[in-house]
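pasting the sequence and the predicted coordinates here, then a few questions.
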Amino acid sequence: MSHSNSPVTARNIYLTVVSLFGIGLVVYGLISLPSFESPTNFLLLVLLGISAQITSTVLSGGDIAVEVSTAVSMATLSLYGREAGVLVAASALITLSVLSLRANWPGWARAVERIGFNIGMGTISIFLAGTLFDLLNALNTQNLVVQTFISWLSAAIVNDQINLWLLIALLHLQSQADPRKLWHQNKWAIPINVLVMSAGGGVLAFAVEQFDIIGMGIFFLPIVLSAYAFRLYVNQTKQQMERLEELVAARTNDLRAANAELAELHKTKDAYLAVLTHDMRTPLSSIKGYASVLSKGNLAEDQQRHIAKILTRSQDSLMEIVNNILEIENLQSGTPIELDRTDFDLAYLIVLVSETIQAQAREKNISLQYDENPTEINVNGDREKIKRVLTNLIANAVKYTEENGTVTAKARVEDGYAVVDVVDTGYGIPADELPYIFDRFRRVKGHRHIAVGTGLGLAIVKSLVEAHQGQILVTSEEGAGSTFTMKLPLQTDDALVA
Ligand code: ADP
């Protein structure tokens with residue numbers, strides 16, 4: 001029968017089989033209990049096993065335990081036979097399971113599962129180790145030291161490896177982890193375990209054989225103390241490893257940041273190339289085309305004048321691109337922008353800038369509206385840089401508005417700010433592109449065929465406005481128009497508001 005929360009899987013079948021084997025071995029051990037020669041000594045060994053377990057050192061995430069209690073069960077094995085070894089191992093493992101459960105309660109089903117598997121794993125391995133030990137001892141009729149040594153060592157290795165492989169099999173069924181990899185991950189503990197089991201077990205067995213309870217007493221303290229010392233050592237090593245891991249993690253992060261920066265640089269380089277190849281090509285080819293028309297001669301004077309105008313405009317476009325690239329490099333290099341501050345009339349600056357853009361507006365029959373006799377708004381700032389901002393905003397409004405549209409530039413004072421609104425009835429900016437419109441090289445996709453540009457103007461505008469502790473804002477609706485708003489802080493005593 002299977003419960004809904006424990007389906008029949010290879011892992012569960014394996015777990016059940018190992019646990020049942022373990023329980024069978026424990027029952028077998030209990031049945032043989034009355035035949036033990038010195039029950040008091042045996043019980044003391046059980047207690048010793050349990051106390052040693054309390055000091056056990058759980059390592060590598062809790063998978064593998066270096067347990068001194070294995071020395072006790074190995075000693076018991078040689079003194080009382082493998083059934084007794086099974087009982088000592090089982091009681092030590094139950095202690096371990098209960099201790100680890102207390103620290104981290106996984107729920108009843110998991111707890112039973114864990115205890116069952118631990119007992120199975122431990123008792124099967126000690127039972128098989130005991131079987132081999134008895135076999136090798138039976139061959140050692142002359143009681144040779146070398147052969148005794150080999151018996152202990154072999155039994156210890158079998159005990160340790162069966163234990164490890166039973167666990168690896170579970171981990172493999174559980175997570176499909178590569179068994180060989182798991183073995184390599186845990187092999188560092190093998191020599192320690194084998195040493196504890198063979199040397200520790202042998203010495204303890206010898207002591208009990210020679211000195212009885214006193215022998216046990218003599219060895220109890222050193223075993224527990226050395227286990228404790230070992231535990232301290234391992235914990236310290238673990239801490240050092242963690243520190244090392246932290247260091248590695250920090251370095252990895254540095255590297256990742258450097259890579260991201262590099263990727264950003266690559267993107268910038270690509271963007272520059274795009275500007276150079278795409279946006280400079282238009283004015284360049286128009287220069288080339290009209291130059292060849294000119295060279296053929298025979299042109300009426302007004303035609304020549306027309307061509308001269310186009311050539312000049314193309315050249316201006318190229319100039320603007322080059323200037324923008326140079327300027328954005330300066331502005332975004334991280335060095336603070338130097339402001340040549342003076343007091344000036346922001347409202348009148350709008351008049352001056354609008355007048356220079358009027359010709360472009362007229363060409364598209366766009367009505368460029370501004371107050372020709374505005375109320376003075378005195379601000380303190382870098383007049384040339386603010387002029388550049390206004391030129392960019394108003395020129396953009398004309399550039400991205402179709403023929404017969406309207407562009408309005410107006411200044412006002414609001415909440416301690418001098419505010420300029422540049423409103424147009426143009427193409428507008430799609431909502432999903434609006435948040436990025438002030439980024440370098442950012443152009444609305446649909447605008448590339450409408451007008452030549454670099455996508456640098458608004459980035460420059462933003463840098464310049466922010467250098468003045470001001471703000472640049474935009475609202476826009478696709479197909480209806482845009483409003484760019486520049487806000488510059490007014491020192492109230494500097495602002496003359498009539
Ligand atoms: P560009 O050189 O392309 O004009 P800008 O940085 O000045 O570069 O502007 C970036 C992009 O923002 C433009 O390509 C255009 O798509 C969009 N944009 C700027 N101003 C307006 C506006 N008034 N109306 C609609 N779109 C605009």
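Sure thing, it's come through.

going forward, measure contacts between C-alpha atoms and count neighbours the same way
Noted.

could you look up the SS state of Thr335?
With DSSP: H, G, I helix; E, B strand; the rest coil as the basis, the three-state label of Thr335 is coil.

counting neighbours, what do you get for it?
8 (other Cα atoms under 10 Å).

phi, psi for it please.
phi -70, psi 140 (degrees, to the nearest 10).

and the residue nearest to Ile190 when sequence neighbours are not counted, which of the three is it?
Residue nearest to Ile190 in three dimensions, not counting chain neighbours: Asp160, with 7.0 Å by Cα to Cα, 6 or more residues apart in numbering. Classification of Asp160 by three-state DSSP places it in helix.

any idea how far Asp160 lies from the ligand?
71 Å (Cα to the nearest ligand atom, to the nearest Å).

swap in Leu247?
Counting by Cα to the nearest ligand atom - Leu247 and the ligand are separated by 43 Å.

you'd agree Leu339 is in a strand?
No: counting by three-state DSSP, Leu339 falls outside a strand, being coil.

list the contacts for the residue nearest to Ile190?
Contact analysis of Asp160 by Cα atoms under 8 Å, 6 or more residues apart in numbering lists 125, 190, 193-194.

helix, strand or coil for Gln369?
Per three-state DSSP, Gln369 ends up strand.

beta partners of it?
When assigned by DSSP bridges, Gln369 has beta-bridge partners Thr408.

list the contacts for it?
Contacts of Gln369 (Cα under 8 Å, 6+ apart): 406-409.

one step back: the ligand: which of the contacts of Asp160 is nearest?
For these, the residue nearest the ligand by Cα to the nearest ligand atom is Ile190; the value is 67.2 Å.

who's in contact with Glu402?
364, 366, 426-427.

kindly report the same for Ile168.
In this structure, Ile168 makes contact with 179, 182-183, judged by Cα under 8 Å, 6+ apart.

buried ones in the helix or strand harbouring it?
In the assignment (DSSP states H and E), Ile168 maps to helix 145-175. Using 16 or more other Cα atoms under 10 Å as the test for burial, helix 145-175 gives 147-148, 150-171, 173.

quick one: name whatever helix or strand follows it.
That would be, after helix 145-175 and using DSSP H and E, helix 179-186.

same for that next one, what does it pack against?
helix 145-175 (3 or more Cα pairs under 8 Å, 6 or more residues apart in numbering; DSSP states H and E).

can you pick the most crowded of the contacts of Asp160?
Neighbour-wise, the contacts of Asp160 (other Cα under 10 Å) top out at Ser125, 27 neighbours.

where does it land on pLDDT?
pLDDT recorded at Ser125 is 95.

now it: closest residue in space that isn't a chain neighbour?
Asn159 (4.8 Å).

ranges for the helices of this protein?
10-32, 39-54, 69-80, 82-103, 108-139, 145-175, 179-186, 189-195, 201-274, 281-295, 301-331, 346-363, 383-399, 457-467 (DSSP state H).

any chance of the ones you listed in TSV, plus distance to Asp432?
As requested, the helices of the chain are arranged in TSV below (distance: least, Cα to Cα, whole Å):
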stretch	distance to Asp432
helix 10-32	51
helix 39-54	63
helix 69-80	67
helix 82-103	52
helix 108-139	51
helix 145-175	44
helix 179-186	50
helix 189-195	59
helix 201-274	20
helix 281-295	28
helix 301-331	24
helix 346-363	28
helix 383-399	19
helix 457-467	17
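
pick the most deeply packed of the ones you listed.
Of these, the one with the most neighbours on average (mean count of other Cα atoms under 10 Å) is helix 69-80, at a mean of 28.

model confidence score at Thr57, please.
47.

cool, Gly120 as well?
Looking at Gly120, its pLDDT reads 94.

spatially nearest residue to it (excluding sequence neighbours)?
Nearest non-adjacent residue to Gly120, counting by Cα to Cα, 6+ apart: Gly22, 3.6 Å away.

against Ser198, how distant is Asp421?
89 Å (Cα to Cα, to the nearest Å).

of those two, which one has the most company?
When neighbours are counted by other Cα under 10 Å, Asp421 and Ser198 differ, and Ser198 comes out ahead with 24 against 20.

can you give me the pLDDT of that one?
pLDDT, read off for Ser198, is 88.

next one: Val66
For Val66, pLDDT reads 54.

which of the helices of the chain has the lowest mean pLDDT?
Comparing those on mean pLDDT, the least confident stretch is helix 201-274, scoring a mean of 77.

please name every helix or strand in contact with it.
helix 39-54, strand 57-59, helix 69-80.

so Ala169 touches Asp178, yeah?
No: contact criterion Cα atoms under 8 Å: Ala169 and Asp178 do not qualify, at 9.7 Å.

any stretches of the stretch 351-498 of the chain with poor pLDDT?
Residues of the stretch 351-498 of the chain meeting the criterion pLDDT under 70: 491-498.

return the residues of it in contact with the ligand.
396-397, 400, 426-429, 437, 442-444, 447, 453-459, 482 (Cα under 6 Å from any ligand atom).

now the stretch 51-200 of the chain against the ligand: closest residue?
Counting by Cα to the nearest ligand atom, the stretch 51-200 of the chain gets nearest the ligand through Ser175, at 53.1 Å.

quick revisit: give the contact list for the residue nearest to Ser125.
Under the criterion of Cα under 8 Å, 6+ apart, the neighbours of Asn159 are 125-126, 128-129.

with those in mind, which one is nearest to Thr356?
Ser125 (94.5 Å; Cα to Cα).

OK, contacts around that closest one?
158-160, 162-163.

ok, the nearest residue to Ile307 once chain neighbours are set aside to Thr282 distance?
Closest residue to Ile307 apart from its sequence neighbours, by Cα to Cα, 6+ apart: Tyr290 at 6.5 Å. According to Cα to Cα, Tyr290 and Thr282 sit 12 Å apart.

swap in Leu262?
Note on Leu262: its distance to Thr282, by Cα to Cα, is 30 Å.

so Val474 makes contact with Lys462?
No: taking Cα under 8 Å as the definition, Val474 is not a contact partner of Lys462, at 11.3 Å.

which ones are touching the closest residue to Leu204 other than its chain neighbours?
Excluding its sequence neighbours, the residue lying closest to Leu204 (Cα to Cα, 6+ apart) is Ala75, at 6.0 Å. By Cα under 8 Å, 6+ apart, Ala75 lies in contact with 85, 201-202, 204-205.

and of those, the nearest to Arg256?
Arg256 lies nearest to Gly201 out of the contacts of Ala75, by Cα to Cα, at 51.4 Å.

that closest one touches Ser69, doesn't it?
No: using Cα under 8 Å, Gly201 is not in contact with Ser69, being 9.2 Å away.

distance check, the closest residue to the ligand within the stretch 251-400 of the chain against Glu403.
Residue nearest to the ligand within the stretch 251-400 of the chain: Ala397 (3.7 Å; Cα to the nearest ligand atom). From Ala397 across to Glu403, the span is 12 Å (Cα to Cα).

so what's Gly381 up against?
339-344, 468.

mind running it again at 6 Å?
Gly381 makes contacts with 341-342, as judged by Cα atoms under 6 Å, 6 or more residues apart in numbering.

that one pairs with what?
Bridge pairing for Gly381 (DSSP bridges) gives the partners Thr342.

ok, for Phe21, nearest residue in space, not its chain neighbours?
Gly120 (6.0 Å).
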